[in-house]
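Novice: Sequence plus the predicted model coming up.
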Amino acid sequence: MTSAITIRGLRMRYGTTEVLRGVDLDVERGEIFTLLGPNGAGKTTTIEILEGFRNRSAGEVRVLGVDPERGTDAWRAKLGIVLQSWRDHARWETRRLLAHVAEFFDDPYDVDELLEAVGLTEQADRRVGRLSGGQRRRLDVALGIIGRPELLFLDEPTAGFDPEARSEFHELITKLAARDGITVLLTTHDLAEAEKLAHRTAILVRGRVAVCGTPGELAAAVQAPSRVEWLENGRPQSVTTSDPSQVAWELHQRFGGPVPGLVIRRPTLEESYLNLVGRES
Ligand SMILES: Nc1ncnc2c1ncn2[C@@H]1O[C@H](COP(=O)(O)OP(=O)(O)OP(=O)(O)O)[C@@H](O)[C@H]1O
């Protein structure tokens with residue numbers, strides 16, 4: 001696989017504050033990749049640098065083989081961009097707005113096909129201002145990809161969604177990526193979203209990649225210690241350990257058989273993530 005995005009030693013400074021402190025990342029073509037992290041971690045800054053909206057302070061960046069600071073119109077046409085805030089096109093009808101934006105591209109998607117793909121066929125003649133939050137975000141995605149991009153940037157696309165809208169949105173992104181081989185880079189605060197959607201995720205904490213990998217690799221890398229609890233002479237005992245089976249085995253040896261009240265509590269991935277974010281902050 002070849003890289004859609006390569007980042008080496010990326011640094012960004014706003015005044016005297018260093019917001020990105022040496023980020024290294026590779027996103028492969030065809031991947032759905034999430035950038036996960038708490039508020040202020042530097043996700044939006046990173047994505048804006050990749051989109052060519054912001055000049056970096058230091059480091060090497062290539063997006064589809066091009067330095068974003070030197071991106072041409074032809075390069076830009078290969079990108080789909082969905083920003084955090086909604087566009088203000090409230091009085092346009094959904095289909096007309098998409099058809100209008102499609103005119104700017106050489107080989108856009110068919111408007112009705114795309115409306116169908118994002119689940120907005122029934123809303124095609126409705127004014128944008130009358131769409132629900134979830135429908136509006138689907139339209140944002142449609143606007144982001146109407147030009148048939150090779151790479152789609154989504155900055156917190158599901159913020160404010162209810163669980164059903166979020167789940168439908170995940171299905172849409174997965175379907176589009178699989179159908180058209182679009183590379184997707186998405187930012188989120190939500191670990192469950194990253195786990196569900198992404199082939200790989202990088203956790204950004206205070207301007208550095210703390211962990212990067214598949215959901216399984218992430219779970220192994222961020223795993224916080226487990227807690228082993230048991231009863232000894234009727235009194236509750238406990239120990240925190242990264243190797244609970246070893247502790248359980250030693251207890252079994254010591255008791256010469258079953259350990260009274262033995263419980264092993266493993267942290268959830270969410271607890272482990274919060275532990276990691278707390279540790280790195
Ligand atoms: N234009 C700017 N000038 C000065 N500081 C900025 C600017 N943009 C962002 N920052 C600061 O840089 C840090 C990283 O911000 P950024 O928006 O990249 O983080 P984020 O991970 O996207 O956060 P969030 O999840 O809240 O959107 C924050 O402390 C923010 O206040």
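Specialist: Yep, it's here.
Novice: From here on, just use CA atoms for contacts and neighbour counts.
Specialist: Fine.
Novice: From L114, how far out is the residue of the stretch 101-250 of the chain at minimum distance from the ligand?
Specialist: As assessed by CA to the nearest ligand atom, the ligand sits closest to H189 within the stretch 101-250 of the chain, at 6.4 Å. Between H189 and L114 the computed distance is 28 Å (CA to CA, to the nearest Å).
Novice: I'd say the residue of the stretch 101-250 of the chain closest to the ligand and N39 touch.
Specialist: Yes - look at H189 against N39 with CA atoms under 8 Å: they come within range, at 7.5 Å.
Novice: re earlier: who are the contact partners of the residue of the stretch 101-250 of the chain closest to the ligand?
Specialist: L36, G37, P38, N39, E156 (CA atoms under 8 Å, 6 or more residues apart in numbering).
Novice: helix, strand or coil for the residue positioned nearest the centre of the chain?
Specialist: Geometric centre of the chain, nearest residue: T34, 2.5 Å, by CA atoms, centre = their mean. Secondary structure for T34, judged by DSSP: H, G, I helix; E, B strand; the rest coil, is strand.
Novice: Quickly list what it is bridged to.
Specialist: L186, T201 (DSSP bridges).
Novice: Same question for V27.
Specialist: In beta-bridge terms (that is, DSSP bridges), V27 pairs with I5.
Novice: Give me every residue in the stretch 1-150 of the chain lying close to the ligand.
Specialist: Y14, V19, P38, N39, G40, A41, G42, K43, T44, T45 (CA under 6 Å from any ligand atom).
Novice: thought the second one was touching A58?
Specialist: It refers to V19. No - the criterion here is CA under 8 Å, and V19 misses it with A58 at 11.8 Å.
Novice: Between the two, which is the more surrounded one?
Specialist: V19 (20 against 15; other CA atoms under 10 Å).
Novice: mind listing what that one touches?
Specialist: V19 touches R11, M12, R13, A41, G42, R206, G207, counting by CA under 8 Å, 6+ apart.
Novice: Show me which of the residues you listed are buried.
Specialist: R11, M12, A41, G42, R206, G207 (16 or more other CA atoms under 10 Å).
Novice: Could you find the closest non-adjacent residue to the last one?
Specialist: Counting by CA to CA, 6 or more residues apart in numbering, L20 is the residue found nearest to G207 once chain neighbours are left out, at 3.9 Å.
Novice: number of nearby residues for R148?
Specialist: Neighbour number of R148 under other CA under 10 Å is 22.
Novice: now do the one 4 residues further on
Specialist: The local packing of L152 (other CA under 10 Å) involves 24 other residues.
Novice: Kindly report the same for G216.
Specialist: 10.
Novice: Doesn't it lie inside a helix?
Specialist: Yes - assessed by three-state DSSP, G216 belongs to a helix.
Novice: next one: the helix or strand containing the residue nearest to G207 to chain centre, how far?
Specialist: Element membership for L20 (DSSP states H and E) is strand 17-28. Distance, stretch centre to chain centre, for strand 17-28: 15 Å (CA atoms, centre = their mean, to the nearest Å).
Novice: For it, list the C-alpha coordinates in PDB.
Specialist: Provided in PDB are the C-alpha atoms of strand 17-28 (Å, rounded to 0.1, in the frame of the first residue of the first chain):
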ATOM      1  CA  THR A  17       2.600  28.100  22.700                       C
ATOM      2  CA  GLU A  18       3.700  24.900  21.000                       C
ATOM      3  CA  VAL A  19       0.600  23.000  20.100                       C
ATOM      4  CA  LEU A  20       2.100  20.200  17.900                       C
ATOM      5  CA  ARG A  21       5.300  18.900  19.400                       C
ATOM      6  CA  GLY A  22       6.700  16.400  16.800                       C
ATOM      7  CA  VAL A  23       3.900  14.400  15.200                       C
ATOM      8  CA  ASP A  24       4.800  11.400  13.000                       C
ATOM      9  CA  LEU A  25       2.100   9.600  11.100                       C
ATOM     10  CA  ASP A  26       1.400   7.700   7.900                       C
ATOM     11  CA  VAL A  27      -2.100   7.200   6.500                       C
ATOM     12  CA  GLU A  28      -2.300   4.500   3.800                       C
END
